[in-house]
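[1] Quick one, fold the following:
(one chain, ligands or ions: 1)
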Amino acid sequence: MKFCHNCAAPIVLRIPDGDDKVRHCCEACDSIFYQNPKNVVGTVPFYEDKILLCKRAIQPRYGKWTLPAGFMENGESSLSGAIRETTEEAGATVKVDDSSLYTLFNLPTINQVYMFFRAELVNLNFAAGAESLEVALFTEAEIPWDEIAFPVVRSTLEHFFTDLKNNRFPVRMFDVHHSEDRSISTKLISHSKTHFAD
Ligand SMILES: [Zn+2]
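    Coordinates of the predicted model:
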């Protein structure tokens, strides 16, 4: 940003008093414009042993397959945002139980946090929304593994099919780092304990 959103004076990059990071500051009206990570929320829409994926109709990764997800809006919860994105992008109606939170990814390199929730399709009435070319159900063997849009989606899908075999879906949190050579590493940081007796 170059000009203040409040008074349109030029923005100066400096460390405000009592802070330790460079911020976008307005010297005219003393506004400070903080930039913080964005939350991306989505679902793993499942039906029996299949998952609903969307083929992207937008950049980046046009034509690649992804889980329905998008930026959280102000005024909504992470779960309600994930369900909204599922309706918008896949035309799907889903239901969730009280263990829906599934994966969380910190992406400090690109200032994003991703959250995915497990959500069961209520019926098989789904249709591509404006941001999708097509939507379809896939078993593990049918998943287009080489055509998955984002590493966070691939990781979530891989864990889902493994967990499906065990019928246990622990909550996992990962740190994802993007290197300058464009390689991406994903590290498991936290893994909820399951307390079920067999
Ligand atoms: Zn200003």
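[2] What is the longest helix along the chain packed up against?
    The residue-count maximum for a helix in the chain (DSSP state H) belongs to helix 151-166. Packing partners of helix 151-166 (3 or more CB pairs under 8 Å, 6 or more residues apart in numbering; DSSP states H and E): strand 38-47, strand 101-107, strand 112-121, strand 172-178, strand 184-191. Using the backbone N, CA and C atoms, a C-beta is placed for each residue, glycine as well.
[3] Name the nearest residue to the residue in the chain sticking out farthest from the centre, sequence neighbours excluded.
    Outermost residue of the chain with respect to the C-alpha centroid, by CA atoms, centre = their mean, is residue 28; its distance is 37.5 Å. Nearest non-adjacent residue to residue 28, counting by CB to CB, 6 or more residues apart in numbering: residue 9, 3.5 Å away.
[4] Point out the residues in the protein that sit beside the ion.
    Counting by CB under 5 Å from the ion, the residues of the chain close to the ion are 4, 6-7, 9, 26, 28-29, 31.
[5] follow-up on the earlier one: was I right about the residue farthest from the centre of the chain contacting residue 11?
    No: counting by CB atoms under 8 Å, residue 28 sits too far from residue 11 to count as a contact (9.8 Å).
[6] joint contacts of these two?
    residue 4 (CB atoms under 8 Å, 6 or more residues apart in numbering).
[7] so who does the closest residue to residue 188 other than its chain neighbours touch?
    In this structure, residue 188 finds its nearest non-sequential neighbour in residue 174, 5.6 Å apart by CB to CB, 6+ apart. By CB under 8 Å, 6+ apart, the residues touching residue 174 are 103-106, 152, 155, 186-189.
[8] Name whatever forms a beta bridge with residue 174.
    residue 105, residue 188 (DSSP bridges).
[9] Could you list the low-pLDDT ranges of the protein?
    Counting by pLDDT under 70, the chain contains low-confidence ranges at 194-198.
[10] domains for it, by residue range?
    Per automatic domain parsing, the domain ranges recorded for the chain read 1-35, 38-191.
[11] Pick the most buried one from those domains.
    domain 38-191 (a mean of 17; mean count of other CB atoms under 10 Å).
[12] how long is it end to end?
    23 Å (CA to CA, to the nearest Å).
[13] what distance separates it from the centre of its chain?
    In terms of CA atoms, centre = their mean, to the nearest Å, the centre of domain 38-191 is set 6 Å apart from its chain centre.
[14] now do stretch 27-43
    Taking CA atoms, centre = their mean, one finds the center of stretch 27-43 at 18 Å from the center of the full chain.
[15] Okay then, goodbye and thanks.
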